[in-house]
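Undergrad: Curious how this folds, go ahead:
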Amino acid sequence: MNLNSLDLNLLTALDALLREANVSRAALRLGLSQPAASHALQRLRDIFGDPLLVRTGARMELTPRALALRAPLAQALDQVRGLFVPDDFDAARSERQFRLMMPDLAVELLMPRFMEKVTQAAPNVRIDVVPWRGSAIFHAEFARTIDLVISIGNAFKGFHRQLLYTDSDALAVRRGHPIGAKLKRRETFLAARHVGVIIRGGAEDLIDPWLRAKGVERHISLVVSGYLEALHVAARTDLVAFVPRRLIAALSKQLGLVTVTPPLDPGIDEQFMFHPTRAQMDPGSIWLRRLMLQTGRELERGRRVD
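TA: Coordinates of the predicted model:
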């Protein structure tokens, strides 16, 4: 391949086509017309000697060659973009877009205060929050699109972590719950009907393996995919939610919830901030991390829940 004869814009077109596996969506991603995207696909087919995208029934699928190209192409484009990243970050003038991944509880507890800081310092910066996903589906291609992760544990390869804030789990029930006050007793806790939270990519509610190790098996009547959903259900039924205490406190007045200490001490949960190791020295990432750490420390100091 003679690079002098290669239109490097075709690499961004290839990236969009491989990500979307759809010519129309790739065109939207690139800001091109569909005929222009189709023309780019044809040129790429000629260059690679491979169809790259083939129609299977009503949809398009990537060929094995196209699948093999996805990861190295994304890495190469990351490196090229890095050549044009300025050495400093002017927050007041920046129009940069940052992509954060976190569970709904972190959005509720952190983002209002965090966005106050962003709006004040960088009014033209855009923050995109995507739902948390477990490490089983946190694949390398997706990871390259993420600037910051808020999560427990240490399951994100290629990311560096810092402690953000601590919490503990408690029981949430609606005000006036018939057995709410009695849930501190083990036998009442076991007899109660619970709402579990299994986040995308997870196999079970994070509290259940810990309970099982203590010889406790909850009666789960409903499973939802987020902590906010669990609290909304608990507020309108007699189901019990076993969720982070800070989240209950933040929404107790709004939803009419009461916090009940569980019969077993769940200990302390540590929420971490993760950033890509490759962005360790990126001025924009440093700015973003500093603001998030400030927000976490303010939550720790100002909203401590006993």
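Undergrad: Check which helix or strand residue 54 maps to.
TA: Per DSSP states H and E, residue 54 falls inside strand 53-56.
Undergrad: tell me the mean pLDDT over that strand?
TA: The average pLDDT for strand 53-56 rounds to 91.
Undergrad: how many neighbours does the closest residue to residue 48 other than its chain neighbours have?
TA: Excluding the flanking residues, the one nearest residue 48 by C-beta to C-beta, 6 or more residues apart in numbering is residue 65, at 6.5 Å. Glycine gets a C-beta too; all of them are placed from N, C-alpha and C. Counted with other C-beta atoms under 10 Å, residues neighbouring residue 65 total 12.
Undergrad: let's number from 56 now, not from 1
TA: Got it, first residue is 56 now, which makes that one residue 120.
Undergrad: coming back round to it: buried ones in the strand holding residue 109, by neighbour count?
TA: residue 108 (16 or more other C-beta atoms under 10 Å).
Undergrad: Run the chain-centre distance for it.
TA: Centroid separation between strand 108-111 and its chain, computed with C-alpha atoms, centre = their mean, to the nearest Å, is 31 Å.
Undergrad: likewise stretch 160-171?
TA: 13 Å.
Undergrad: Just the residues contacting that stretch, thanks.
TA: 157, 182, 184, 187, 205, 282-283, 298-299, 301-302, 305-306, 326, 346-347, 350-351, 353-354, 358 (C-beta atoms under 8 Å, 6 or more residues apart in numbering).
Undergrad: Selection in PyMOL covering whichever of these are buried, please.
TA: Those of the contacts of stretch 160-171 that count as buried under 16+ other C-beta under 10 Å are selected in PyMOL with:
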select buried, resi 157+182+184+187+205+282+283+298+299+301+302+305+306+326+346+347+350+351+354
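Undergrad: hey, where'd the strands end up in this structure?
TA: 108-111, 114-117, 152-157, 181-186, 203-206, 214-222, 224-229, 248-252, 274-279, 295-299, 312-315, 324-331 (DSSP state E).
Undergrad: Just name the most buried of those strands.
TA: strand 295-299 (a mean of 27; mean count of other C-beta atoms under 10 Å).
Undergrad: And the lowest mean pLDDT element among the helices and strands of this protein?
TA: Within the chain, no helix or strand scores below helix 195-198, which has a mean of 81 by mean pLDDT, DSSP states H and E.
Undergrad: just to revisit the earlier point, any idea how far residue 99 is from the residue nearest to residue 103?
TA: 11 Å (C-beta to C-beta, to the nearest Å).
Undergrad: Now do the shared contacts for those two.
TA: With C-beta under 8 Å, 6+ apart, residue 120 and residue 99 have common neighbours residue 107.
Undergrad: ok, back up a step: so what touches the strand holding residue 109?
TA: 72, 76, 78, 96, 115, 116, 117, 118, 121.
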